[in-house]
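J.: below is the sequence, then the predicted model.
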Amino acid sequence: MPSEIAQKTNRIPEKGLPKNTILNELEAKLQRDLTYSSGKILCSMCTSPHSFAKQIYRKYLEKNLGDPSLFPASVELEQETVSMLGSLLSNPKACGGIVSGGTEANIIALWAARNLAKKERGEVVVPVSAHYSFEKASDLLNLKLIKVKLNSSYQMDVKAAEKSITPETVAIVGLAGSTGLGVVDPIRELSEIASAYNIYLHVDAAFGGFVLPFLKELGYKPSDFDFSLPSVCSVTIDPHKMGLAPIPAGGILFRDTKMCEAVSMKVPYLAEGEMKQSTLLGTRSGASAVAVWALLKHLGRAGYRDVVERCLGLTWKLVEGIQRIDGLDIVTMPTMNVVGVKSDTVDVPLVFRELRKRGWAVSLFVDYLRIIIMPHTKLSHIKCFLEDLQRILENLKT
Ligand SMILES: Cc1ncc(COP(=O)(O)O)c(C=O)c1O
């Protein structure tokens, strides 16, 4: 929590305030937040949820997946959702859950890997490009992250990964859509290594899970990353990113129930102690899972394919525009709708700050800017953004 917020003291009013007073105050206070509709958010992996998903979410707000004895039908829908996501990732028999996001999904995956290895501590081989949720997981689970360098294509270096394996290794993690550049690691090769050393392989496709399967259908040639590779044990796939679902909606999918059971715990006070949970959270949003279920059915594969096609089309426009600006270049040709922008002539953090002054929210990685073209982005936004970027570069050079 930012310290300036934490320092303010706030009290619950003794007497409740009228709804209108509160609504007005909220409107005024929330003015400072950015909106997706402004087109200025070019740094988020989330987007404005699909209107049908919002409608469903609002309708089923009281559902609690943490209590299957009260909400058995919601839990069944969650399992159907997991199976639909599994079918997208070449394994309709996958088990798992709709969780709070990619962070929880990654923590659960490493939790399962550690338990399956029957160890209380151990090592996890990850690329240096891995999301910081793995740092959280390692801290919580007594696991040491062994960070592996990248090759010249910004993918995990497979030889270095293999060399990092020790008797303490409980898992290897590969990315199918890195946070910084949307790069896909060589998961096929990682799968071969995992099989040779009999090690758990987790794939973080929090972002790419809703992109890569559709890219393939659109004629692109993304490399394999999912359960079609025999040693992939679990995959993170987040509906609240490119799946257009309301937050919170992450997904953790395991190849089979044995893996899922490695993290399941009996709930002592439900169903005479016979009910099990396999998630980090207890009380969980049923509305999230039901909204994802409904949206998968409503958009269908064709609907998601269209979303991906549109985002990719705009991504190429952005790439062309950036390459036309003197002093800027892309870090690497994008695999998906994530673009890294670098410069050899101007100070990248300065460009970032100048963009922010003009209201644009992009992300600053150490030496490049990351731009994500999400479904809320329109061609007109990209044109305005490129014009501002051009002006900033001209000013910085003079
Ligand atoms: C590859 C990857 N994994 C996991 C996460 C974490 O997801 P969440 O913010 O939903 O917890 C992110 C977030 O951007 C991500 O890019």
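T.: Cool, the structure landed. Treat the numbers as computed from the prediction; the structure is a model and nothing was measured.

J.: what's the end-to-end length of stretch 59-70?
T.: Distance between the two ends of stretch 59-70: 17 Å, counting by CA to CA, to the nearest Å.

J.: what does that stretch contact?
T.: Residues outside stretch 59-70 that contact it (CB atoms under 8 Å, 6 or more residues apart in numbering): 71, 74-75, 78, 97-98, 270-271, 275, 277, 281-287, 289-291. Where C-beta positions appear, they are placed from N, C-alpha and C, glycine not excepted.

J.: distance of the nearest residue in space to Thr35 that is not next to it in sequence from the ligand?
T.: Distance criterion CB to CB, 6 or more residues apart in numbering; nearest residue to Thr35, sequence neighbours excluded, is Ile41 at 7.5 Å. Using CB to the nearest ligand atom, to the nearest Å, Ile41 is found at 14 Å from the ligand.

J.: could you pull up phi and psi at Ile41?
T.: Here the main-chain torsion angles of Ile41 (degrees, to the nearest 10) amount to phi -90, psi 110.

J.: so it bridges to which residues?
T.: Beta bridges link Ile41 to Ala361, judged by DSSP bridges.

J.: just give me the neighbour total for it.
T.: By other CB atoms under 10 Å, 22 other residues sit near Ile41.

J.: once you drop chain neighbours, what's closest to whichever residue of the stretch 201-350 of the chain sits closest to the ligand?
T.: Closest contact between the stretch 201-350 of the chain and the ligand, by CB to the nearest ligand atom, is at Ala206 (3.4 Å). Of all residues not flanking Ala206 in the chain, Gly102 sits nearest, at 3.3 Å (CB to CB, 6+ apart).

J.: now do Leu34
T.: Of all residues not flanking Leu34 in the chain, Ile41 sits nearest, at 5.4 Å (CB to CB, 6+ apart).

J.: ok, now Glu217?
T.: The nearest residue in space to Glu217 (CB to CB, 6+ apart) is Arg305, at 5.5 Å.

J.: and the one you found, how many residues sit next to it?
T.: 17.

J.: quick one, what contacts it?
T.: Applying CB under 8 Å, 6+ apart to Arg305 gives the contacts Phe214, Glu217, Leu218.

J.: taking the residues you listed one by one, which sit in helices?
T.: Mapping those onto helices (DSSP state H) picks out Phe214, Glu217.
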